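**Q** would you be able to build a 3D model of this:
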Amino acid sequence: MSDSSVIELTKGTSREPKMVEESTGDHYQNLAATRRLDWLLVALLGLAIQAIWLWLLTQPTYMDAFYYTTNGQQIANGQGFTEMIVWQYLDNPEGLPTPSHTYWMPLPSILAAAGYLIIDDFSGAQLIFWLLGGLLPLLAYEISHQLGGPRWQRWVTAIFVAIGGFYAPFLIQPSTFAPFAWAGGLCLLALGLASVPGNHSDSNSSAADSRNDRRHFIWWLVAGLAAGLAHLTRADGLLLFLVGIIIWILAMRERHSIRNSFFWLMLFITGYLLIMGWWFFRNWLVIGSPLSSAGTQSIFLTTYDDLFAFGRTISFEEFINWGWANILRSRLDALWTATQTMIAVPGLIFLVPFIIIAYLRFIRQRFTRLLLLPATIFALATMIILVVLFSFPAMRGSLFHSSIALWPWTMALAVAGIGYSVDWAAARLPHWQPERAKRLFSVLFIVIGLVLTIAVANGKLTPLDDPETIEALRHDLPDSAVVMYGSPPAFYYYTGIPSVSVPNEPPEILLEAADQYEATHLVLDENHPLPLNDLYYGLLEHPRLILEKTIGPIQLYRILEAT
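**A** Coordinates of the predicted model:
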């Protein structure tokens, strides 16, 4: 029997209600104090673990992180949202410098810039990401609490999220992982709490209605703000805004006041626009539309490498001419990759059965079913939209990035599933001590999760672009150089030399790009675009491309001006 039931049953006596209410009040005060202590300890644990990654990672390790880091430097140095690199040509940038973040969203660079203003080196760029990654276990702890998890479940959930799994080497870098985990995970939690009808059992129904209204006002506004932050972090963060609209429509039947329902919708939209409105306005001034069309062109890719096409628009007609057999095959490949990603990454492989067990239990209960509904819709929408519409980006990492919004949720479900599984086994094995078994299995799975994290992190600490090789190339370049390179943000980060991507085109079209962006040098390696195979392997020579230096598989060409 709950404490509130005890109070109701004792009403009408002379002394007992007061004693029970005082006892209940003390109990809740103790619980609140314990929860605050847990928050502090969980935060310290998460920050300590992320401090290890802060120490291990002294530079970005992949192109996205280089991009957000270099643009963070640009913003911190007063250059605004401009960049001295071009990494894709779908939005046809006119030249250097060019408006930044026309494909990727700006929040990670803004956070990196804020850190650079505090500490003027890469550790400064990491600073806010260390805080976000370190404090992420708090969100997981709270999700477990809202799902009704006892204290040990909340702690184990927080520890799993702190360990990081497949996300661990990326949280501390300037990238979308940490901010999207917070914005996406919080938006889903706020939408869940906003959609849960209030408790009208209070004897003073008008007071209860007032409290419930205030609670809904807050959660819808928080959901809108978080959806805005998610979209400002990643383009597919827009899905969270759409999830919010769907949740509002589904929750309309629960409302006692249509006026309040529309007011809550306005709060959600207002919160979203408070974050995204200025960015829509900036884009309108710079590129003539609220959002760039470059991202939507990736719907019609027939190969991922065409993301780096130059001088041509990726069109629906070209996509259809590719053939329905190829289209279907690419979608099936994307579905297979997405399924593996969802099992391995937010499911941490071995915890998937426990996630399923807990989910099937929770959806039988009205409160937890409504609480999980936004996360369910988001997971399904992300899978469907990325697989069907953005197949090639999904296979190359988009789903990996987006899935981190579900990470605190899947770990809360996994730990709850461990508890349910032990209870099921203990009911059939009388010699089992369920509470002790839950803790033992939790420790065992934490150790497995830690080993898996270390295993997958091995090799992720080394940059994809060797700084020593880039430095060796730098000695042969004049200060006025503009270099065509496979990862322009990395080259610019190490050298400060403007850089543009090597287009997925044959040499003649490559030279057209070189002329437009005044490129003076070309760097090719074994990962060069397929149309440049003959050039790279010496089967083709071009009078404007002069091979000047070879460092292992790296070739440096000087680009002569057109005559």
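**Q** A strand includes residue 350, no?
**A** No: applying DSSP: H, G, I helix; E, B strand; the rest coil, one finds residue 350 to be coil, outside a strand.
**Q** packing partners of the strand or helix carrying residue 71?
**A** Element membership for residue 71 (DSSP states H and E) is helix 63-76. The contact analysis (3 or more CB pairs under 8 Å, 6 or more residues apart in numbering; DSSP states H and E) places helix 63-76 against strand 82-83, helix 107-118, helix 122-146, helix 488-495. To be clear about C-beta, it is placed using only N, CA and C from the backbone, and glycine gets the same treatment.
**Q** and the angle from it to helix 122-146?
**A** Note on geometry: by axes from the mean of the first three to the mean of the last three CA atoms, to 10 degrees, helix 63-76 and helix 122-146 are set 110 degrees apart in direction.
**Q** just the angle between helix 63-76 and helix 488-495, please?
**A** Direction vectors for helix 63-76 and helix 488-495, defined by the same axes, to 10 degrees, enclose an angle of 60 degrees.
**Q** still on that earlier bit, same list (the helices and strands packed on helix 63-76) but as CSV, adding distance to residue 414.
**A** Formatted as CSV, the entries for the helices and strands packed on helix 63-76 read as follows, by distance: least, CB to CB, whole Å:
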stretch, distance to residue 414
strand 82-83, 40
helix 107-118, 28
helix 122-146, 10
helix 488-495, 35
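**Q** could you dump those to TSV with mean pLDDT and mean neighbour count?
**A** Putting these into TSV (pLDDT from 0 to 100; neighbours: other CB atoms under 10 Å) gives the following:
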stretch	mean pLDDT	mean neighbour count
strand 82-83	96	21
helix 107-118	97	22
helix 122-146	97	23
helix 488-495	96	25
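**Q** quick one: closest of those to residue 46.
**A** When these are ranked by distance to residue 46, counting by CB to CB, first place goes to helix 122-146 at 4.2 Å.
**Q** ok, back up a step: and the angle from the helix holding residue 71 to helix 107-118?
**A** With the same axes, to 10 degrees as the criterion, the two stretches helix 63-76 and helix 107-118 enclose an angle of 50 degrees.
**Q** hmm, residue 43 is touching residue 132, no?
**A** No: with contact defined as CB atoms under 8 Å, residue 43 does not count as touching residue 132 (11.8 Å).
**Q** go through this protein and flag its longest helix.
**A** When secondary structure is assigned using DSSP state H, the longest helix within the chain turns out to be helix 16-56.
**Q** what's the offset of it from the middle of its chain?
**A** 27 Å (CA atoms, centre = their mean, to the nearest Å).
**Q** what about the helices in the stretch 151-300 of the chain?
**A** In the stretch 151-300 of the chain, the helices defined using DSSP state H, counting those that start in this stretch lie at 151-163, 168-171, 177-195, 205-233, 238-251, 258-287, 294-297.
**Q** out of the ones you listed, deepest packed?
**A** Stretch with highest mean neighbour count among those: helix 177-195 (a mean of 27; mean count of other CB atoms under 10 Å).
**Q** which elements pack onto that one?
**A** helix 107-118, helix 122-146, helix 168-171, helix 205-233, helix 238-251, helix 366-388, helix 399-402, helix 407-428.
**Q** tabulate those helices (TSV), appending distance to residue 70.
**A** Compiled in TSV, these are given as follows (distance: least, CB to CB, whole Å):
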stretch	distance to residue 70
helix 107-118	8
helix 122-146	10
helix 168-171	17
helix 205-233	17
helix 238-251	25
helix 366-388	27
helix 399-402	19
helix 407-428	27
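**Q** how about the closest residue to residue 506 other than its chain neighbours, what does it touch?
**A** Distances taken as CB to CB, 6 or more residues apart in numbering put residue 531 closest to residue 506, at 4.4 Å, once the chain neighbours are dropped. Taking CB atoms under 8 Å, 6 or more residues apart in numbering as the criterion, residue 531 is in contact with 504-507.
**Q** want to throw those into a markdown table with pLDDT, distance to residue 470 and secondary structure?
**A** Written out in a markdown table, the entries for these read as follows (pLDDT from 0 to 100; distance: CB to CB, whole Å; DSSP: H, G, I helix; E, B strand; the rest coil):
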| residue | pLDDT | distance to residue 470 | secondary structure |
| --- | --- | --- | --- |
| 504 | 95 | 22 | coil |
| 505 | 95 | 24 | coil |
| 506 | 95 | 26 | coil |
| 507 | 96 | 23 | helix |
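**Q** what residue ranges in the stretch 101-250 of the chain score low on pLDDT?
**A** 198-213 (pLDDT under 70).
**Q** how about 90 then?
**A** Judged against pLDDT under 90, the low-scoring parts of the stretch 101-250 of the chain cover residues 195-217, 250.
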